[in-house]
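Novice: model this:
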Amino acid sequence: MSCVFCDIWRGEARADVAYKWNRAIAISPLNPVTAGHVLIVPGIHVRDFSSDPETSGYVMKCASEYIDRWHVGQCNIITSVGENATQSVFHLHVHIVPRRLNDGLKLPWSEQ
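Specialist: Below is the predicted model:
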């Protein structure tokens, strides 16, 4: 089965790479929801956050480093496990979504 994130790692698909670690990259998503939105993607194929705790921990470490290094400030850190939880690409990825006052972005469970 084809995986767009594996294709990016193999150099078979293009991506706007914001930062690279040894085993993960930060890339711009195709449809960012706020300015500065990035995805942290591991270099090995891991289906989701629950599939490989070591890789998931490494990706979260990279997310923390990215937030600090680039002074992201207030943000949401989001990952989904499974289709019912809105996962649409079945390769572990973590969204870093910078937030600003009155940015208009509402999370699904928000009552605003």
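
Novice: in the helix or strand harbouring Trp9, what counts as buried?
Specialist: Using DSSP states H and E, Trp9 falls within helix 4-10. Using 16 or more other CB atoms under 10 Å as the test for burial, helix 4-10 gives 5-6, 8-9. Bear in mind the C-beta positions are built from the backbone N, C-alpha and C, glycine included.

Novice: okay, these in TSV with distance to Val38 and pLDDT next?
Specialist: Shown next, in TSV, are the buried residues of helix 4-10 (distance: CB to CB, whole Å; pLDDT from 0 to 100):
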residue	distance to Val38	pLDDT
Phe5	13	97
Cys6	18	97
Ile8	13	97
Trp9	16	95
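
Novice: burial measure for the nearest residue to Ile27 once chain neighbours are set aside, as a count.
Specialist: Leaving out its chain neighbours, the residue that sits closest to Ile27 by CB to CB, 6 or more residues apart in numbering is Ala15, at 4.4 Å. Using other CB atoms under 10 Å, Ala15 has 19 neighbouring residues.

Novice: Would you confirm that Ala15 contacts Trp9?
Specialist: No: the criterion here is CB atoms under 8 Å, and Ala15 misses it with Trp9 at 9.3 Å.

Novice: what do the two both touch?
Specialist: Residues touching both Ala15 and Trp9 (CB atoms under 8 Å, 6 or more residues apart in numbering) are Ile25.

Novice: And the residue nearest to Lys20 when sequence neighbours are not counted, which helix or strand is it part of?
Specialist: Nearest residue to Lys20, sequence neighbours excluded (CB to CB, 6+ apart): Ala26, at 7.5 Å. Ala26 is part of strand 24-27 when elements are defined by DSSP H and E.
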